[in-house]
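1. compute the structure for the input listed below.
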Amino acid sequence: MNRDSIDWTGPMPAVTTPFHTDHALDEEGFVGNITRLLDAGATGIVTAGCTGEFWALSFSERERLAKLTVNACKGRGPAIIGTGSIREGEVIEQIDAAKSAGADAALVMPAYFAHLSDSEIVDHFAAIDARSSLPIVLYNIPGNAGNAITPAIADKLADLDNVVAIKESSGSWLNFHQTLNRVKDRIRVFCGPSSTLGVAAALAGADGHIDCFPNVWVECLDLWYATIEGRMDEAWALQATGQTMTELFVSGGRTLYPSTKAAMNFLGLPGGGIPRPPLRPLQGAALTELRAGMESLVEQSKRVA
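-> Residues are numbered from 1 along each chain as shown. You can find the predicted model right below:
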C-alpha cells in the first residue's frame, strides 16, 4: 500500500467522545456530531484519538465507537479509528476490532510513557504493520506520546507495507514541512493543528487536515477549502481566528480537551458532554473567560465568512 491506495483528502475532523454526567457514552451526541461535521464539509472522521480521550475508553467502548463511526460515515468518507496503546498486541487487537466494524484505517501512534530510541520506535511500528489488517495512518503527537516520529523516522515508516498516511501533529512547522518533503511521494500527509498551521500546510502541498477544532468551530473546515480555492484573504483571516482560539483554549488554567467540550456545550453543539477523569470539566473563571472569548471569536468568524 501507499498514497495511491487511498483517495482521501481535505478536512477530516478528530471527533470528541461525549460522556453523560455518569460518564457513560453519549452515543446520540457522538453520532450527531459526526453527522453535523460531514454535512458541513468534512471528508472523513477520526475517532478515538487524543481528542476522543482514547485513554479513558475500555476496549468494548472503542469497539462500539468504531461501529457507530462506520455507520455514520458510510458513503460519505473514511472512518479512521484510533488504536492508542503501549503494547503492540493491544494495538493489533484494536485494529482487528476496527476491521470487523468496517473501518477504513487505523490511526497508530508511538508507544507512550516509555522513552524509546529511534530504532525502537521504528521496530514498534514495523511489528504492528506486519500484523495489521487495515491500512495505517501514522500519528505523530510527541507532546502527548512522549515519543516523536521525526522526519527521519517518518521516512523509514513510509516504506512499511500498510502505511498510507501520517497525521503530523507535532505543532512544529519545521517538523511538519520536513516530514512532508520526505514522505509525500509515498504516503499522504495531513496537518494536525490546522487551527494554527492549516493554511501554510495546504499551500505547501498537504493532503488535508485532521484537527479537533471543527468540533467547536465548524468554520475551521473552511481553512482547507478557502486555501485550495484561492480565497486567500478569507483563508488568512480564518487562520488568525484559529490561532487566537487555540491560545484561548490552552491558557488561563485551561487545557485543550476540557475546553473543547465546554465550548461545545455552551454553544449547544452535540458531542460535548463532560470529560472523563483524570480530566475535569472547566469551572469558575476558566469557564467564564472561555465563554466570553469564544463568543467574541465566533462573531468575528461569522463576519469573515
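
2. which parts of the stretch 1-150 of the chain are helices?
-> Applying DSSP state H, counting those that start in this stretch to the stretch 1-150 of the chain gives helices spanning 27-39, 59-73, 88-101, 118-131, 142-145.

3. please apply the same query to the stretch 201-305 of the chain.
-> Under DSSP H, counting those that start in this stretch, the stretch 201-305 of the chain gives helices at 221-228, 232-249, 256-266, 284-304.

4. which one, of the ones you listed, ends up nearest to Gly52?
-> helix 256-266 (9.1 Å; C-beta to C-beta). Quick note: C-beta positions are derived from backbone N, CA and C, even for glycine.

5. please work out the average pLDDT along that closest one.
-> For helix 256-266, the mean per-residue pLDDT is 98.

6. which ones are touching the residue nearest to Gly198 when sequence neighbours are not counted?
-> Spatial nearest neighbour of Gly198, chain neighbours left out: Leu223 (4.1 Å); criterion: C-beta to C-beta, 6 or more residues apart in numbering. Leu223 sits next to 11, 194-195, 198-199, 202, 209, 235, 238-239, 242 when contact means C-beta atoms under 8 Å, 6 or more residues apart in numbering.

7. tell me who's in contact with the residue lying closest to Thr35 once chain neighbours are set aside.
-> Once flanking residues are discounted, Thr35 sits nearest to Ala72: 6.0 Å by C-beta to C-beta, 6+ apart. Taking C-beta under 8 Å, 6+ apart, we find Ala72 in contact with 31, 34-35, 38, 45, 79.

8. for Lys67, same thing?
-> 101-102.

9. switch the cut-off to 6 Å
-> Neighbouring residues of Lys67 by C-beta atoms under 6 Å, 6 or more residues apart in numbering: Ala101.

10. how close does it get to Ala56?
-> Per C-beta to C-beta, to the nearest Å, Lys67 is found 19 Å from Ala56.

11. okay, now the residue nearest to Gly273 when sequence neighbours are not counted: neighbour count?
-> Nearest residue to Gly273 in three dimensions, chain neighbours excluded: Pro18, at 3.6 Å (C-beta to C-beta, 6+ apart). Per other C-beta atoms under 10 Å, the neighbour tally for Pro18 reads 28.

12. with Phe30 instead?
-> Neighbours of Phe30 (other C-beta under 10 Å): 25.

13. report the angle between the lowest-mean-pLDDT helix or strand in the chain and helix 256-266.
-> The weakest-scoring helix or strand in the chain, judged by mean pLDDT, DSSP states H and E, is helix 284-304 (a mean of 84). Comparing the axes of helix 284-304 and helix 256-266 via axes from the mean of the first three to the mean of the last three C-alpha atoms, to 10 degrees yields an angle of 70 degrees.

14. residue numbering should commence at 26 henceforth.
-> Yes, from this point I'll number from 26; that puts the last item at helix 309-329.

15. helix 309-329 to helix 246-253, inter-axis angle?
-> If you take the same axes, to 10 degrees, helix 309-329 sits at 40 degrees to helix 246-253.

16. which strands and helices lie in contact with helix 309-329?
-> With contacts taken as 3 or more C-beta pairs under 6 Å, 6 or more residues apart in numbering; DSSP states H and E, helix 309-329 sits against helix 257-274, helix 281-291.

17. ok, and what's touching that helix?
-> Contacts of helix 309-329 (C-beta under 6 Å, 6+ apart): 244, 262, 266, 270, 273, 277-279, 284, 287-288, 291.

18. how does it look with 7 Å?
-> For helix 309-329, the external contacting residues (C-beta atoms under 7 Å, 6 or more residues apart in numbering) are 242, 244, 259, 262-263, 266, 269-270, 273, 277-279, 284, 287-288, 291, 307.
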